[in-house]
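Visitor: here is the input, now give the coordinates:
(one chain, ligands or ions: 1)
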Amino acid sequence: MPQIKIYSAVVCPYAHRSRLVLQEKGVDFELIEINLQNKPEGFTDISPYGKVPAIAHGDQRVWESAVINEYLDEVFPNPPLLPSSPIAKAQARIWIDFANTRLVPAFSTLLRSPDVSQQEAAKQELSR
Ligand SMILES: N[C@@H](CCC(=O)N[C@@H](CS)C(=O)NCC(=O)O)C(=O)O
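Guide: Predicted structure coming up:
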């Protein structure tokens, strides 16, 4: 029986990010797809913010993709997510920050905004 359950949604890039970590580390997991338009009763017992991703590991619950990924990296250290040299680690973290603060928000606006001028601004941001 898989030791990790991950609550995910096919449309969610944050959930993909934690699923990728599980796959990278070769951890067997159970995938629970959450319908974000109709969340199951009691979902906030697992994910207090009512968002995906969240994981259950035995009696423990962890939510927020960045925190989940750090937790998984500590519990399943091989292969490590970050390189060992301080500068290579800093560069990897700069890419993580870039994805969090620039790439994903612009991509999400492009996909979801009904406003054409906002979509255009997001397109410009992505092509910079
Ligand atoms: N900061 C969170 C963001 C997670 C997030 O926004 N998830 C969205 C789907 S992509 C969600 O669950 N939305 C449902 C809601 O807000 O009710 C993380 O990194 O895990």
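Visitor: confirm for me that residue 75 is in contact with residue 60.
Guide: No. The pair formed by residue 75 and residue 60 falls short of the contact definition of CB atoms under 8 Å, at 9.5 Å. (Glycine included, C-beta is placed from N, CA and C.)
Visitor: the more surrounded of these two?
Guide: Set residue 75 next to residue 60 and count neighbours by other CB atoms under 10 Å: residue 75 wins out with 14 against 9.
Visitor: find me the pLDDT at the residue nearest to residue 96 when sequence neighbours are not counted, would you?
Guide: Among residues not flanking residue 96 along the chain, residue 66 sits closest, at 7.7 Å (CB to CB, 6 or more residues apart in numbering). Residue 66 is assigned 95 on the pLDDT scale.
Visitor: can you tell me how far residue 66 is from residue 101?
Guide: Counting by CB to CB, to the nearest Å, the gap from residue 66 to residue 101 is 12 Å.
Visitor: surely residue 32 forms part of a strand?
Guide: Yes. Applying DSSP: H, G, I helix; E, B strand; the rest coil, one finds residue 32 inside a strand.
Visitor: could you give the separation of whichever strand or helix holds residue 98 from the chain centroid?
Guide: With secondary structure defined by DSSP states H and E, residue 98 is part of helix 86-98. Centre-to-centre, helix 86-98 and its host chain are 17 Å apart (CA atoms, centre = their mean, to the nearest Å).
Visitor: secondary structure class for the residue positioned nearest the centre of the chain?
Guide: Nearest to the mean C-alpha position of the chain, counting by CA atoms, centre = their mean, stands residue 14 at 2.7 Å. Residue 14 carries the three-state label helix when classified by three-state DSSP.
Visitor: contacting residues around it?
Guide: By CB atoms under 8 Å, 6 or more residues apart in numbering, residue 14 lies in contact with 51-53, 65, 104.
Visitor: tell me what angle whatever helix or strand residue 104 lives in forms with helix 86-98.
Guide: Residue 104 is located in helix 104-112, with elements delineated by DSSP H and E. Interaxial angle, helix 104-112 versus helix 86-98 (axes from the mean of the first three to the mean of the last three CA atoms, to 10 degrees): 30 degrees.
Visitor: who touches the following helix or strand past helix 104-112?
Guide: Using DSSP H and E, the helix or strand that follows helix 104-112 in sequence is helix 116-127. Contacts to helix 116-127, defined as CB under 8 Å, 6+ apart, come from residues 102-103, 106-107, 109-110, 113.
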